[in-house]
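> give me a model of this one.
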Amino acid sequence: KMSVPDYMQCAEDHQTLLVVVQPIGIVPEESFFRIYKRISAVSQVNVRDSQRVLYIRYRHHYPPENNEWGDFQTHRKVVGLITITECSSAKEWPQTFEKFHLQKEMYGSTLYDSRLFVFGLQGEIAEQPRTDVAFYPSYDECETVEKRIEDFIESLFIVLESKRLDRATDKSGDKIPLLCVPFEKKDFVGLDTDSRHYKKRCQGRMRKHVGDLCLQAGMLQDSLVHYHMAVELLRSVNDFLWLGAALEGLCSASVIYHYPGGTGGKAGSRRAQGGSLSAEAGNRHRPGKDGISVLFCALTSNGINADTSAEIGRAKNCLSPEDIIEKYKEAISYYGKYKNAGVIELEACVKAVRVLAMQKRSMEASEFLQNAVYINLRQLSEEEKIQRYSILSELYERIGFHRKSAFFKRIAAMQCAAPSIPEPGWRACYKLLLETLPGYSLSLDPQDFSKGTHRGWAAVQMRLLHELVYASRRMGNPALCVRHLSFLLQTMLDFLSDQEKKDVTQSLESYTAKCPGTMEVITLPDGLKLPPVPFTKLPIVKSVKLLNLPVSLRPHKMKSLLGQNVSTKSPFIYSPIIAHSRGEERNKKIDFQWVQGDVCEVQLMVYNPMPFELRVENMGLLTTGVEFESLPAALSLPAESGLYPVTLVGVPQTTGQITVNGYHTSVFGVFSDCLLDNLPGVKTNGCTVEVIPALPRLQISTSLPRSAHTLQPSSGDEISTNVSVQLYNGETQQLIIKLENIGAEPLEKLEVTAKTVNTKEKLYGDFLSWNLEDTLCQFPLKPGKIATFIVNIKVKLDFSCQENLLQDLSDDGISVSGLPLSSPFRQVVKPRVETKPLNPQESSKVGDFSHVKVGE
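Coordinates of the predicted model:
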């Protein structure tokens, strides 16, 4: 029974000669594969004057039991052996040469020729000319390796050609031997060797065998003829196993005809046009000892003889692409009758799939693969299972069955960590699991899940992410565990049950206690980069609003209270072409300003989607443009809280344009930078605001009691305080006003104006007067300092023309009201036409500042 399947087999491998390259003794692995690579480069040669192409298939390991099936299919027979060894002294040489002979005995029954490459031995022994041994001083001084391999292939061809001629010759007088596979030998003991049935069986099997030899010798047309004859003979005697082999040989020869570039894909594809695989042998044209030259040259477009008559004969015997698949199905059905032919059946399925992939017949290819899955082989080792599932995954990927491919690759990954393995390969498991992600429409970039609808099966994706977390933990990499769990929670939150949300967050907190989650990119050993996973859903932000400063702190453009109101409006020009862009600018425009050094606020409307209380720590603003000190906040949101207002604050340290880009949080031990651009559906009133230089702050107090009511409402651009006093006609009283600088900037200017609010006609009189000289001497007013000035209130009315005036004023008398006093930098004073200075000399000495309104 053949024990080890070759999952890389292709139909074109039937025309190759199998050569095994193995080390003898202790040879460094790197040095061995360095020479092996150079040897395996000589894989396609052309025999001069015949246009017959030889293909060589190299293996550095081949099970001896598979070699016993060499008569059944000759491409399974080891016909060449190349051994590599190190030998430093003449004393070691006899023992080394003995090991070489022992190695040959392992494949002795099938070998055509063998070679021994010795590295490191110099002296008399190395100088003796030998055919089967080549001596080289070191691995760096072996320029003739390719030349030696060409000589070796030449000797293989001579033996192959002699065997083909010997078997193909019709010897009517000689009895044709019965070729057998290993498990058949006991079945033919005692059979009548003279019966017609037995002779046909012998003839059919030999015809099939000669067809194999012709195919290996580069005689495609002859092989087709022999395969057709073998099929007829073997079908007549119901020799199903060998009939299947003859049909498969017929399929292989036809595939070689139709697909000269090969069916093995990128890894195993052959060139339809040959050429040197080594630079040294590129232009070599060397006659051989027996008149046969081996060289590398261009093949014809289909890799066969271009003779017209040969083409006609070949096309007649060759199967069509559709018939190839039918014959493969028939051959596989015959193999299925024999439990000991499971490996042959499995490899035939793989070859058929590769052909169907070339024909882009995916559904039929999947049927062959499904059959291959259920072929019962011996008890495979864990490594063989991994290889089997990996190849099935690769084949499914090739025919476009991406999810099926991911399924088998995931099985291979789980097999790497099977309980029966003493030292589970968790790194290999993790690597294979990563390769399954595309098949399940899953990537490790959270940006792929931020827009549009969810793709793929969420339940399967969550299972796969859990397996990545487990493999990461067994690898001893807690940072990977945190990253994958964070990704699971962020991208699959909508699909997690309440209990699963609790379980995932508990696991995440246990991992972050040892290794907090960060916003750094994690780079794996193979170069794969895992992007950070910000928690934009914990909590979910629905709107972001930049808030204006409190009324008492808002900056206003400075204007003179005594100047005229000059219009600065620009003409309106309508253009429909730029209407859209203007609308976008309007959405980003902020019509207020922030002040350097003042606390600024941004309001977020958030809600907690978790079924338990969500604690958010270290929540603050992310900004660009100016230096900004964010003052982090901590909040606790009730379970499924609904919209909840959260105000984040900070202090701009410099001036300029500041843009609020997002916010940062710490949830479950994971630090997140959440950018507004990555939050779909977030409403905002704009994200950019101007920060102006720091301004002074003024606190005003008076010696009079506050008024119970306001005589004139505030316009919104000013801050008012209302005091009241009752006086009789002719009475005078002083109003003391204190100005305290409670800010960090000095107060530089002071301006006082008065206005009489009069609802009665023909009422006149000078009510208010003041002198600012003493007050202005204290300016600029430094932080923490207090300045005072006195306003004299004198009532002087003429009642001669107003008989009812006294009655009208008896309710309140004369009230001094409306003292809107504040910093000139924090208000826009709108000049009024009725405003006039009462003391022009003092007013001319000062600029814009607070004003006093006198109302009646």
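
> from residue 89, how far off is residue 124?
12 Å (CB to CB, to the nearest Å). For the C-beta atoms, the positions are set from N, CA and C on the backbone; glycine is no exception.

> higher neighbour count, those two?
residue 89 (11 against 7; other CB atoms under 10 Å).

> and that one, what's its pLDDT?
Per-residue confidence (pLDDT) for residue 89: 86.

> OK, contacts around it?
Going by CB atoms under 8 Å, 6 or more residues apart in numbering, residue 89 touches residue 121.

> tell me how far it lies from residue 119.
13 Å.

> ok, residue 138 next?
Residue 138 is 6 Å from residue 119, by CB to CB.

> neighbour count: those two, which is higher?
Between residue 138 and residue 119, counted using other CB under 10 Å, the more crowded position is residue 119 (21 against 11).

> run through the bridge partners of that one.
Residues in a beta bridge with residue 119, per DSSP bridges, are residue 86, residue 136.

> quick check, pLDDT for it.
93.

> what sits against it?
Here residue 119 is in contact with 31, 84, 85, 86, 87, 136, 137, 138, 139, 142 (CB under 8 Å, 6+ apart).

> now, of these, which are buried?
Buried residues within these, counting neighbours by 16 or more other CB atoms under 10 Å: 84, 85, 86, 87, 136, 139, 142.

> lowest confidence element among the helices and strands of the chain?
strand 294-295 (a mean of 28; mean pLDDT, DSSP states H and E).

> the closest residue to residue 408 other than its chain neighbours sits in which helix or strand?
Distances taken as CB to CB, 6 or more residues apart in numbering place residue 393 nearest to residue 408, at 4.0 Å, with adjacent residues excluded. Take DSSP states H and E as the rule and residue 393 turns out to sit in helix 382-398.

> quick one: buried residues of that helix?
Across helix 382-398, burial judged by 16+ other CB under 10 Å covers 384-398.

> please name every helix or strand in contact with it.
Packing partners of helix 382-398 (3 or more CB pairs under 8 Å, 6 or more residues apart in numbering; DSSP states H and E): helix 342-358, helix 362-373, helix 402-416.

> looking at those, which is buried most?
Mean neighbour count (mean count of other CB atoms under 10 Å) peaks for helix 342-358 among the helices and strands packed on helix 382-398, with a mean of 24.

> what's the angle between that helix and helix 362-373?
On the basis of axes from the mean of the first three to the mean of the last three CA atoms, to 10 degrees, helix 342-358 is oriented at 170 degrees to helix 362-373.

> quick one: helix 342-358 to chain centroid distance?
33 Å (CA atoms, centre = their mean, to the nearest Å).

> repeat that for stretch 153-173.
56 Å.

> may I see the buried residues of that stretch?
Here stretch 153-173 shows 153, 154, 155, 156, 157, 158, 160, 161, 163, 164, 167, 168 as buried, counting by 16+ other CB under 10 Å.

> with stretch 179-190 instead?
Buried-residue list, stretch 179-190, by 16+ other CB under 10 Å: 179, 180, 181, 183.

> what does it contact?
Taking CB under 8 Å, 6+ apart as the rule, stretch 179-190 contacts 1, 65, 68-69, 71-72, 178, 202, 205-206, 209, 241, 340-341.

> swap in 6 Å and give it another go.
Residues from elsewhere that reach stretch 179-190 (CB atoms under 6 Å, 6 or more residues apart in numbering): 68, 71, 72, 205, 209, 340.
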